[in-house]
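# Turn this into a model:
(one chain, ligands or ions: 2)
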Amino acid sequence: MKPIQVGLLGIGTVGSGTFSVLQRNQEEIRRRAGRGIEIAMVADLDMTRAKQVVGDAAKVVGDAREIIANPDIDVVVELIGGYGIAKALVLEAIAAGKHVVTANKALLAVHGTEIFQAAAEKGVIVAYEAAVAGGIPIIKALREGLTANSIQWVAGIINGTTNFILSEMRDKGLDFDVVLKEAQALGYAEADPTFDIEGVDAAHKATLMSAIAFGIPVQFDKAYVEGITKLSGADIRYAEQLGYRIKLLGITKRADKGIELRVHPSLVPAKRLIANVEGAMNAVVVHGDAVGTTLYYGKGAGSEPTASAVIADLVDIARLHGADLAHSVPPLAFQSNTLGAAGKELPVLPMAEVVTSYYLRIRVADEAGVLAKITGILAHADISIDAMLQREADEVGGEGSNPEGTQGIPQTDLIILTHDTREGDMDQALAEIQALPTVLAPITRIRKEELN
Ligand code: NDP
Ligand code: HSE
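Ligands and ions are numbered 1, 2, ... in the order given. Down below sits the predicted model:
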C-alpha cells in the first residue's frame, strides 16, 4: 500500500523528535501500521533550521498553507502551538479533508468543541495523544482501556516543567528562576512559561481528561487554576515534616452535584507513588468503579517522548485512512450527540462547592489565647482539625516574618491540617481568621489530597 503522506507544521522540539523517531523506526512502524508513514512536507518559519533537520528527506516550505493546499497530503501534524495561527491552520486542514494530529492542548481545551465538530462534519480524525502527559498514552487508556468503567476521579502530575521546578527546589535548594531557565533549555516549558508555572498548561490537560473521563464538553473556562509561584520553601519543608509532598495536581472528580475540575498545588501523602514522581516525569492516577485505581507514569515532555505519542496517532490514522469512520473511537470517548446533555446534568462545579481537606499556615503573634480564637472560628464553621504544628518563625528561616508594622512582636507559625470541608465554608472561616489583629500575615492555604 502507498505510504500515507504527512505534512508537518512546525519543526521545533516536538516536530524534530517526530521526524527523527519516524526515520529511525520506520520499518517497525510500517509493519505495525500496515503501510509506510512518510513526512513529505515540512513548514516552519525558520526554513534554514528546518532544512538542517530534514535534509533532502522532505520538502521544506515557509508557508504552512502550501501543505494544506497540497492534495497529496493525507495528514497534517500541527506542532506550532498556541491558539492563534494554529487554530486557523487546523480548521483549514480539516476543511481540506485532511486528518489532523496535534500536541496542542491549549487549542483543544479552549476550541475543542468547534474543532471536533468540524472534523465530524468533514469525516476526518483529529488525534491528540501528545496533548496530555507527553509520552504517556493516557488518552488511549482513558478513552479505550477503561471504557467499561464509571470513572470516579483522575488526578495527575501533568506538567513536567513545574514538577521539575518543585523537585529541584526541594532536593537541591535551587532558586525558582534558575530551575525554570533549565526547564526551558531542556525543551520542557511552553513558549510562554507562565502557562506552566501558573497552572494553565496543566488545566488545559485536566480539561481534556475531564471531558474524556465523564463524557462532558471541554470547558476550560470553568477550570479552577492556581500555579506554583506563591509556594514558599517553608511550606515545602512543613509539608515534609507532616509526611506530605507538595505537587501541582490536575484533578477532575465526580461529585454529588457535578464535576470538580481544578489545578492547584496539593499536599499528597509521601507514601503514595505519585508523591515520589520527580523531575519532568508525569503520572496520572485514574480511579474507575470496576478496575479500582490505576497509575500511568512516564516522560510528560521533551522531544522524543512527545514524538512517541504523535507517531502513535499517525499509526492509528494510517490504519483507519479510507475506512468508514462512523464506527471509530469518538475523539472525546463518548458519542458526540450525548455530550451536551451530560454537560447539563454534570455541570463543572464552582470552587466554593469543592470538598477537600486543607493545610493552613497562619503567622500569628505569639501570645495567649490566639490559638483558641482560631480553633473557635474553625469549630463554628464545622471544620474539623486533623493535626497541628507550631513552629517559631525563625525555625523555618523566618520566611514571611515581620510583615510591615509587626516588627518586634514575637511571632509563630501555626500549621493546621483539616479534615474534608466545603471550600466555601473554608473561605468564610479564613476571612474571619485573617481579620483577627493577632494574625500578622496573609494566611497560606494549600489543599490536601489523600488519593486513596
Ligand atoms: P517549538 O516552539 O519548539 O516549535 C514550534 C515550531 O513551530 C517552531 O519551530 C516555530 O518556528 C514554528 N512555527 C511558528 N509559527 C509557525 C507558522 N506559522 N508556520 C510554521 N511553523 C511555525 O514548540 P514545541 O515543539 O515545544 O511544541 C509544539 C506543540 O507541542 C505545542 O502545542 C506544545 O504545547 C506541544 N507540546 C510540547 C511538548 C514539549 O515537551 N515541548 C510536550 C507536549 C506537547 P520559530 O521557532 O521560528 O518561531
Ligand atoms: N510544557 C509542558 C510541560 C510540555 O512542562 O509539561 C508538555 O505538555
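
# Give me every residue in this structure lying close to ligand 1.
9-15, 43-46, 64, 79-81, 85, 103-104, 130, 134, 187-188, 190-191, 301-302, 306 (CB under 6 Å from any ligand atom). For the C-beta atoms, the positions are set from N, CA and C on the backbone; glycine is no exception.

# Mind checking which of these are buried?
Neighbour counting with 16 or more other CB atoms under 10 Å marks 9-15, 43-44, 64, 79-81, 103-104, 130, 134, 187-188, 190, 301-302, 306 as buried within the residues of the chain next to ligand 1.

# In helices, which of the residues of the chain next to ligand 1 appear?
Secondary structure from DSSP state H places 13-15, 64, 85, 306 of the residues of the chain next to ligand 1 in helices.

# What ranges does the stretch 301-450 of the chain have for its helices?
Counting by DSSP state H, counting those that start in this stretch, the stretch 301-450 of the chain has helices at residues 303-320, 339-345, 370-380, 423-434.

# Can you say which of the ones you listed is packed in most?
helix 303-320 (a mean of 22; mean count of other CB atoms under 10 Å).

# Check what contacts that one and list those residues.
4, 6, 13-14, 16-18, 20-22, 29, 32-35, 37, 74-75, 77, 79, 99, 101, 103, 125, 127-130, 134-137, 140, 187, 298-299, 328 (CB atoms under 8 Å, 6 or more residues apart in numbering).

# Which one of the helices of the stretch 301-450 of the chain lies nearest to V286?
Nearest of those to V286, taken as CB to CB: helix 303-320 at 17.2 Å.

# for the record, mean pLDDT for the closest one?
The average pLDDT for helix 303-320 rounds to 97.

# In terms of secondary structure, what does the helix-or-strand element of the chain with minimal mean pLDDT contact?
None of the helices or strands of the chain scores lower by mean pLDDT, DSSP states H and E than helix 339-345, at a mean of 87. Of the remaining helices and strands, none touches helix 339-345 by 3 or more CB pairs under 8 Å, 6 or more residues apart in numbering; DSSP states H and E.

# got the CA coordinates for that helix in CSV?
Extracted in CSV, the C-alpha atoms of helix 339-345 (Å, rounded to 0.1, in the frame of the first residue of the first chain):
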residue,chain,number,x,y,z
LEU,A,339,-22.1,15.4,25.4
GLY,A,340,-24.4,18.4,25.6
ALA,A,341,-27.0,16.7,27.8
ALA,A,342,-24.3,15.2,30.0
GLY,A,343,-22.7,18.7,30.3
LYS,A,344,-26.1,20.0,31.8
GLU,A,345,-26.6,17.0,34.1
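
# Residue of the stretch 201-350 of the chain nearest ligand 2, please.
A301 (3.6 Å; CB to the nearest ligand atom).

# Show me the residue of the stretch 201-350 of the chain that gets nearest to ligand 1, please.
A301 (3.4 Å).

# before we move on, the earlier item: ligand 2 next: which of the ones in helices among the residues of the chain next to ligand 1 are close?
Within these, nothing lies near ligand 2 by CB under 6 Å from any ligand atom.

# Compile these into TSV and extend it with columns for distance to T412.
As requested, these are exported to TSV (distance: CB to CB, whole Å):
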residue	distance to T412
T13	47
V14	49
G15	54
A64	59
I85	54
T306	47
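
# Quickly name whichever of these is closest to ligand 2.
T306 (6.6 Å).

# Name the nearest residue to the residue of the chain found nearest ligand 1, ignoring sequence neighbours.
Taking CB to the nearest ligand atom, ligand 1 has its nearest neighbour within the chain at G12, 1.9 Å off. Counting by CB to CB, 6 or more residues apart in numbering, G12 lies nearest to L79, which is 6.8 Å off, once chain neighbours are set aside.

# and P269, how many neighbours?
Counted with other CB atoms under 10 Å, residues neighbouring P269 total 16.

# Excluding chain neighbours, what is closest to Q241?
Closest to Q241 by CB to CB, 6+ apart is L389, at 6.9 Å.

# pLDDT weak spots in the stretch 301-450 of the chain?
393-407 (pLDDT under 70).

# For the residue of the chain closest to ligand 1, grab phi and psi.
Here is the backbone geometry of G12 (degrees, to the nearest 10): phi -90, psi -130.

# go on, G243?
phi 90, psi 20.

# Between helix 303-320 and whatever helix or strand V284 lives in, find me the angle.
In the assignment (DSSP states H and E), V284 maps to strand 281-288. Put simply, strand 281-288 runs at 50 degrees to helix 303-320, going by axes from the mean of the first three to the mean of the last three CA atoms, to 10 degrees.

# The residue of the stretch 201-350 of the chain closest to ligand 1: what's it in contact with?
134, 160-161, 187-188, 280, 282.

# So which of the residues you listed are in strands?
N282 (DSSP state E).

# tell me, which of the contacts of A301 make contact with ligand 2?
Near ligand 2, by the rule CB under 6 Å from any ligand atom, you find 134, 160-161, 188 out of the contacts of A301.

# For G298, which residues are in contact?
Here G298 is in contact with 133-136, 281-283, 305 (CB under 8 Å, 6+ apart).

# same question but for R143, I mixed them up
Counting by CB under 8 Å, 6+ apart, the residues that R143 touches are 212, 329, 332-333.

# let's go with 10 Å and repeat that
Going by CB atoms under 10 Å, 6 or more residues apart in numbering, R143 touches 129, 137, 212-213, 329-334.

# What pLDDT is listed against it?
98.

# before we move on, the earlier item: gap between the residue of the stretch 201-350 of the chain closest to ligand 2 and V268?
Counting by CB to CB, to the nearest Å, the separation of A301 from V268 is 20 Å.

# Over to T147?
28 Å.

# And E353, by the same measure?
Taken as CB to CB, the span from E353 to V268 is 22 Å.

# Have a look at those two and say which one is more surrounded.
A count of neighbours by other CB under 10 Å puts V268 above the other of E353 and V268, at 25 against 16.

# Excluding chain neighbours, what is closest to the more buried one?
Leaving aside its sequence neighbours, V268 sits nearest to A275 (CB to CB, 6+ apart; 4.4 Å).

# The residue nearest to M351 when sequence neighbours are not counted: what's it in contact with?
The shortest distance from M351 to any non-neighbouring residue, by CB to CB, 6+ apart, is to Y224 (4.5 Å). Y224 sits next to 199, 203, 206, 251, 260-264, 348-351, 354, 423 when contact means CB under 10 Å, 6+ apart.
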